[in-house]
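In: Would you be able to build a 3D model of this:
(one chain, ligands or ions: 1)
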Amino acid sequence: MNQRIVILVATRMEIAPFLEHCGIIQETFSPVGRAIIELSVAGQQATVVITGPGVVNTAQALTGAMEAFKPTLVIQTGIAGVFDQAGLEPGDVGVADSETYVPTGVENPLSTHRFFPLPFDLVDGQPESRQGKFSVNQELASHGLEILKQGFSKTELTIVKAGFITVSTVTASDTTANRLYATFQPCMESMEGAASAQVATLYNVDFMEIRAGSNRVGNRDKQLWQIDLATQRASRALYLFLKDCTLHPVPV
Ligand SMILES: O=C(O)c1cccc(C(=O)CC[C@H]2O[C@@H](n3cnc4c(=O)[nH]cnc43)[C@H](O)[C@@H]2O)c1
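Out: Reported below is the predicted structural model:
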């Protein structure tokens, strides 16, 4: 009985503080040059895959990791844009309770942004996938939220469990941020989560996602981004989860 955990992150920078607290067992490279880091931390062994940004890199990297490591749990992590409409600010932490790939659907000639669902499932038997929506393991997400609420000091930051969205075009205006919030009510926007959620679903492997906000979603002002704070928080959140989670044993 053994859990095999694969952790995905777009860039090494996003979990550099986490890697400093791990015992690195070995670092190798995938056939297309992605770093694969086997490590031990907080009594768990895990494999970190640096996927590269975006949905295609993520899907390719996770497919390779699925075939090579046969994980029982996939954790997507990293930094993200936060929606202030959801009450979040940079530095806050989110646990996904669903993932939606925003561009999915059939164009509605009467609306520039509200698409009709696709006329077919992207994942067989999952009608929500017609709108690019993929599920996460709810038990793990709720467990993760409780662990993070206990691990971080209450006054330090806000921690939520809510929907995440995935984009291929980074949002850079308040107009688009408001439209996305009105359509999806997300707490965070990233460029990878829906791809990893879809691949994990195809392989029937438990999936969860924990991110920390580096910037608000909306008008672009790079000076306001808090990347260091976000990488510290994402790393601490991942560490706290791995230290305290009680994962169900699975048959080897
Ligand atoms: O320089 C930029 O404009 C820029 C925009 C988005 C991300 C970056 C990164 O260097 C981080 C890579 C990683 O971060 C996630 N991320 C962070 N903020 C956002 C956002 O507002 N919208 C979408 N993704 C975001 C994303 O998952 C990237 O892979 C630089």
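In: By residue count, tell me the biggest helix in the chain.
Out: helix 227-244 (DSSP state H).
In: and that one, which residues are buried?
Out: 229-242 (16 or more other C-beta atoms under 10 Å). Placement of C-beta: from N, CA and C, glycine included.
In: list the helices and strands that helix packs on?
Out: When contacts are defined as 3 or more C-beta pairs under 8 Å, 6 or more residues apart in numbering; DSSP states H and E, helix 227-244 packs onto helix 16-20, strand 35-41, strand 73-82, strand 93-101, helix 138-151, strand 206-216.
In: immediately after the fifth one, which helix or strand?
Out: Spelled out, that is helix 138-151. Once the chain leaves helix 138-151, the next helix or strand it forms, by DSSP states H and E, is strand 159-166.
In: circling back to that earlier point, what does the longest helix of the chain contact?
Out: 5, 7, 13-19, 21, 41-44, 46, 75, 77-80, 90-93, 144, 147-148, 150-152, 157, 210-214 (C-beta atoms under 8 Å, 6 or more residues apart in numbering).
In: quick one: contacts for the residue in the stretch 51-200 of the chain that the ligand sits nearest to?
Out: Using C-beta to the nearest ligand atom, G81 is the residue of the stretch 51-200 of the chain that sits closest to the ligand, at 2.4 Å. Residues in contact with G81, defined by C-beta under 8 Å, 6+ apart, are V170, T171, M188, E189, S190, G213, S214, N215, R216, V217.
In: just the residues you listed that are near the ligand?
Out: Residues of these in contact with the ligand (C-beta under 6 Å from any ligand atom): V170, T171, E189, S190, S214, N215, V217.
In: quick revisit: with pLDDT as new columns, can the buried residues of helix 227-244 be given to me in TSV?
Out: Output for the buried residues of helix 227-244, formatted as TSV (pLDDT from 0 to 100):
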residue	pLDDT
L229	98
A230	98
T231	98
Q232	98
R233	98
A234	98
S235	98
R236	97
A237	98
L238	98
Y239	97
L240	96
F241	97
L242	96
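In: Just name the closest of those to the ligand, please.
Out: Set against the ligand, the nearest of the buried residues of helix 227-244 by C-beta to the nearest ligand atom is A230 (7.8 Å).
In: follow-up on the earlier one: quick check: the residue of the stretch 51-200 of the chain closest to the ligand vs L122, distance?
Out: 24 Å (C-beta to C-beta, to the nearest Å).
In: hmm, back to that, so what sits opposite the residue of the stretch 51-200 of the chain closest to the ligand in the bridge?
Out: E189, N215 (DSSP bridges).
In: need the residues of the protein near the ligand, please.
Out: Of all the residues in the chain, those lying near the ligand are 10-11, 53, 78-81, 167, 170-171, 189-192, 214-215, 217, going by C-beta under 6 Å from any ligand atom.
In: how about a cut-off of 8 Å?
Out: Proximity of the chain to the ligand, by C-beta under 8 Å from any ligand atom, involves residues 10-11, 13-14, 53-54, 78-81, 167, 170-172, 189-193, 211, 213-217, 220, 222, 225, 227, 230.
In: Give me the buried subset of the residues you listed.
Out: Buried among those (16+ other C-beta under 10 Å): 10, 14, 53-54, 78-81, 167, 171, 189-193, 211, 213-217, 225, 230.
In: Can you give me every residue that contacts the closest residue to E107 other than its chain neighbours?
Out: Spatially, and ignoring its direct neighbours in sequence, E107 is nearest to F115 (6.3 Å; C-beta to C-beta, 6 or more residues apart in numbering). Counting by C-beta under 8 Å, 6+ apart, F115 makes contact with T104, G105, V106, E107, N108, Q131.
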